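# Show me how the following folds:
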Amino acid sequence: MRVLAKRRGVLGNRQRSDRLLSFMFDHVQAGIVVHKATTEILYANSMASRLLGVSQEQMLGAVNTDPRWGFIGEDGARMALEAYPVNVAVRTRAVVTNLLLGIRRTTDQQLTWLMCNAFPSLDDDGEPVEVIVSFTDVTGLKVAEQALKRSEERLSLVLRGANDAAWDWDLVADDLYYSPRWWNMLGYRDGELAGDSSLWLRLSHPDDHGAVAEAFDNALTDGRDSYEVEFRLRHRLGHYVPVLSRGFISRDASGKRVRVSGTNTDLTERKEAEQQIHALAFFDPLTGLPNRRLLIELLRKALQDSTRSGQCGALLFLDLDNFKTLNDTLGHDAGDSLLCEVAQRLRGTVRQTDSVARLGGDEFLVILEHLGATREESAANAKQLGLDLIAALRQPFRCGEIDYTSSASIGVALFDASNPTPENILKQADLAMYRAKAEGRNGLRFFDQSMQVAADERLNLEHDMRVCLRTEKFVLYFQPQVEADKGIVGAEVLLRWFHPQLGTINPCIFIPIAEASGIILPLGAWILEQACAQLHRWSKLPATAGLTLSVNVSVRQFTDPDFVESTLELVARSRANPALLRLEVTESLLAENMDGIIASMLQLRQAGITFALDDFGTGYSSLSYLQRMPLDEVKIDRSFVAGLADGGSSATIARTIIALADALDVEIIAEGVETVEQQELLVSFGCIRYQGYLFGKPLPLAGFEAALAQSLQTMLAVAL
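You can find the predicted model right below:
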């Protein structure tokens with residue numbers, strides 16, 4: 001009985017152990033499957049059922065050759081049967097550890113990654129009897145690993161195409177790692193040089209040693225966690241590569257520095273772009289000279305140096321004479337070539353301490369420094385250097401197949417500590433240059449205060465003219481044009497300006513200002529509009545219906561591309577008879593663009609508008625163009641009329657003009673007729689149309705119409 005009880009106790013303990021072992025297998029967080037050596041499954045716990053997506057009942061008795069499993073290897077390909085963990089363990093009779101495989105669960109087709117271990121149980125002969133397989137779910141780790149791999153691949157692609165070269169310095173082991181990009185950036189093979197901590201100093205530019213050493217010292221001694229420094233590293237080919245180095249310090253739990261990691265960025269492209277931007281911002285792209293922006297800075301520096309040294313300097317403002325003519329005749333390529341040659345000659349003539357700049361177009365500037373302690377000495381030295389420049393520019397230039405001779409007008413403004421700003425000096429030199437232009441070109445003039453006063457007055461007049469035009473305060477006067485035996489046959493329209501503070505301003509003063517400022521365009525349009533409106537009003541009365549009105553047209557108006565169209569539109573809108581509108585042009589107009597001017601005249605002539613040539617013989621003085629121009633009238637200039645009584649060349653010229661006009665079948669009119677003697681001589685030459693004080697001064701409209709009425713009465717009395 002005692003033996004039986006003992007045996008029952010042993011059996012009970014074994015049953016409890018089996019139950020405990022079964023309970024443990026069912027609740028452990030790993031799948032456990034027991035195979036017979038024949039590969040038949042003897043046992044599978046509940047976790048194995050969940051992980052594989054197959055019920056425990058379905059798993060019992062199954063074999064490893066069952067196609068339901070369909071395991072996937074780590075490479076993503078379907079795993080061969082012989083590679084299954086249990087088969088490997090049976091075949092090798094050895095433990096299989098950490099074999100990664102995947103399976104799509106039959107319940108939801110979700111891909112699950114498993115980490116498997118297989119343990120074969122061998123009999124006394126070493127043959128496998130059973131194989132225990134355990135596996136855990138590592139799907140989360142696998143997904144994270146794949147995401148990390150993709151991230152590393154993307155980072156690798158970015159770094160491969162970027163200028164960033166990574167490096168890492170283990171401060172504990174004093175081990176420096178340089179990435180392949182780091183070596184490639186300098187033209188070396190990976191590891192070709194000893195990559196110790198002294199490499200940067202050995203390769204850096206001598207002028208940058210201090211910056212490199214300071215950056216490392218600061219990173220390793222003070223409390224900062226990063227640094228940034230620019231320096232240059234020597235390339236294998238000998239040139240230096242500009243780099244931006246950024247470093248980040250890592251510390252251990254105690255705060256001790258243990259690692260410095262960072263990147264070197266190749267700044268070559270950025271530096272080249274900066275140089276290009278700098279060149280575009282501060283240098284003229286055609287000549288390579290400093291532009292206006294840089295000139296102002298150079299001039300400001302010259303002013304500061306002049307204040308410190310007590311030495312005077314000068315700014316020379318050069319403008320090429322008749323450059324537009326070169327562009328129009330030989331083309332802009334020839335003009336650009338000339339400008340480049342001018343720049344070279346200027347640089348070759350001035351001293352090394354002087355600066356040459358191009359302001360724009362055909363305008364150049366030269367800054368002369370250290371000319372002398374007194375303004376008198378400085379003026380003499382500046383004049384000599386200016387004359388040297390004029391002489392250099394007088395030498396012929398080769399433009400294509402021809403030699404072109406140019407000249408320049410130069411304005412000079414001296415400066416010292418008393419000059420307030422670079423802009424003021426530039427303005428003074430500009431004014432002096434225009435004085436040189438006005439006094440015959442190809443010369444040099446100095447600025448004085450009278451120029452400044454004249455410039456200020458000119459600016460004020462320009463402003464007042466704009467206001468006067470906007471408020472229509474200009475006044476039109478009419479000077480009678482008479483014909484023998486007919487009396488007044490028309491008038492020339494003349495503009496008058498009665499300034500509220502300055503009184504009457506001579507047209508010789510304000511018309512050039514209007515031309516230079518562009519005001520002549522709206523002002524000329526206003527005069528034409530008023531003249532056409534007056535012709536329309538006169539057309540309603542028999543006594544005035546046949547009167548002509550002559551209107552002066554400037555070069556600026558005729559060269560405006562909209563002039564023809566706007567004039568035709570104006571005449572049509574006013575309903576004036578275009579045949580009674582006579583546009584007066586001067587010979588100087590033809591010097592600008594003869595072919596273009598004549599083409600515009602022909603367009604206007606087709607609409608009925610007539611033309612008069614003013615001041616004939618005083619300007620362009622070419623007879624060939626008369627045959628091409630659609631002229632209706634030629635005016636004998638007042639300078640020839642004034643000299644008629646002397647019997648000299650004036651009378652000969654007047655007779656020649658009258659004969660020429662007769663041969664060309666155009667009318668002739670003499671202006672500036674002031675005496676009866678002049679009229680009688682003109683009659684004897686064959687001229688019967690006149691304009692001048694002998695027949696009437698320019699009058700406002702009411703005065704002209706009164707004179708017209710008186711003329712009609714006189715003519716009627718003579719007829720009776």
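# from memory Thr263 sits against Ala166, does it?
Yes - at 5.3 Å, Thr263 and Ala166 qualify as touching, with contact defined as Cβ atoms under 8 Å. Every residue, glycine included, has its C-beta placed from N, CA and C.
# Between these two, point out the one with more neighbours.
Between Thr263 and Ala166, counting by other Cβ atoms under 10 Å, Thr263 is the more crowded of the two (20 against 16).
# SS state for that one?
Assigned with DSSP: H, G, I helix; E, B strand; the rest coil, Thr263 falls in the strand class.
# Could you give the number of residues near Ala213?
13.
# After the helix or strand where it lies, which helix or strand is next?
Element membership of Ala213, judged by DSSP states H and E, is helix 209-221. Under the assignment DSSP H and E, the closest C-terminal helix or strand after helix 209-221 is strand 226-234.
# got the angle for that following strand vs helix 209-221?
Here strand 226-234 points in a direction 150 degrees away from that of helix 209-221 (axes from the mean of the first three to the mean of the last three Cα atoms, to 10 degrees).
# Touching strand 226-234 from outside, list them.
The contact list for strand 226-234, computed with Cβ atoms under 8 Å, 6 or more residues apart in numbering, reads 185-186, 200, 203-205, 208, 211-212, 214-215, 218-219, 240-249, 264, 267.
# circling back: and the helix holding Ala213, what does it pack onto?
Counting contacts by 3 or more Cβ pairs under 8 Å, 6 or more residues apart in numbering; DSSP states H and E, helix 209-221 is packed against helix 199-203, strand 226-234, strand 240-251, strand 257-266.
# swap the cut-off to 10 Å and go again
Judged by 3 or more Cβ pairs under 10 Å, 6 or more residues apart in numbering; DSSP states H and E, helix 209-221 is in contact with strand 164-170, helix 199-203, strand 226-234, strand 240-251, strand 257-266.
# Please save the CA atoms from it in CSV.
Taking Å, rounded to 0.1, in the frame of the first residue of the first chain, the C-alpha atoms of helix 209-221 are listed here in CSV:
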residue,chain,number,x,y,z
HIS,A,209,45.3,78.7,-39.6
GLY,A,210,44.3,81.1,-36.8
ALA,A,211,40.6,80.8,-37.6
VAL,A,212,40.8,77.0,-37.7
ALA,A,213,42.7,76.7,-34.5
GLU,A,214,40.5,79.1,-32.7
ALA,A,215,37.3,77.3,-33.8
PHE,A,216,38.6,74.0,-32.5
ASP,A,217,40.0,75.5,-29.3
ASN,A,218,36.7,77.2,-28.6
ALA,A,219,34.7,74.0,-29.3
LEU,A,220,36.9,71.9,-26.9
THR,A,221,37.4,74.4,-24.1
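# Buried ones in that helix, by neighbour count?
Neighbour-count burial for helix 209-221, with 16 or more other Cβ atoms under 10 Å as criterion, is recorded at Ala211, Val212, Ala215, Phe216, Ala219.
# export those to TSV and tack on pLDDT?
Shown next, in TSV, are the buried residues of helix 209-221 (pLDDT from 0 to 100):
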residue	pLDDT
Ala211	82
Val212	80
Ala215	77
Phe216	75
Ala219	69
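# Just send these back as JSON lines, with distance to Val86 too.
Shown next, in JSON lines, are the buried residues of helix 209-221 (distance: Cβ to Cβ, whole Å):
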{"residue": "Ala211", "distance to Val86": "66"}
{"residue": "Val212", "distance to Val86": "62"}
{"residue": "Ala215", "distance to Val86": "60"}
{"residue": "Phe216", "distance to Val86": "59"}
{"residue": "Ala219", "distance to Val86": "57"}
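# of all the residues you listed, which comes closest to Glu377?
Ala211 (46.3 Å; Cβ to Cβ).
# As a check, name the ranges of all strands in the stretch 51-200 of the chain.
Per DSSP state E, counting those that start in this stretch, the stretch 51-200 of the chain carries strands over the ranges 96-104, 111-122, 128-137, 164-170, 175-178.
# Now the buried members of the contacts of strand 226-234.
The buried subset of the contacts of strand 226-234 - by 16+ other Cβ under 10 Å - is 185-186, 200, 203-204, 208, 211-212, 215, 219, 240-245, 247, 249, 264, 267.
# Now name the helix or strand holding the most centrally placed residue in the chain.
Residue closest to the average C-alpha location in the chain (Cα atoms, centre = their mean): Leu280, at 8.1 Å. Element membership of Leu280, judged by DSSP H and E, is helix 268-282.
# Need the residues that contact that helix.
Contacts to helix 268-282, defined as Cβ atoms under 10 Å, 6 or more residues apart in numbering, come from residues 163, 185, 230, 232, 235, 239-244, 267, 285, 288, 290-295, 297-298, 357.
# So what are the structural domains in the protein, by residue number?
As assigned by automatic domain parsing, the chain contains the domains 21-144, 162-272, 284-447, 461-719.
# so which of the ones you listed gets nearest Val453?
Using Cβ to Cβ, the domains of the chain put domain 284-447 closest to Val453, at 10.2 Å.
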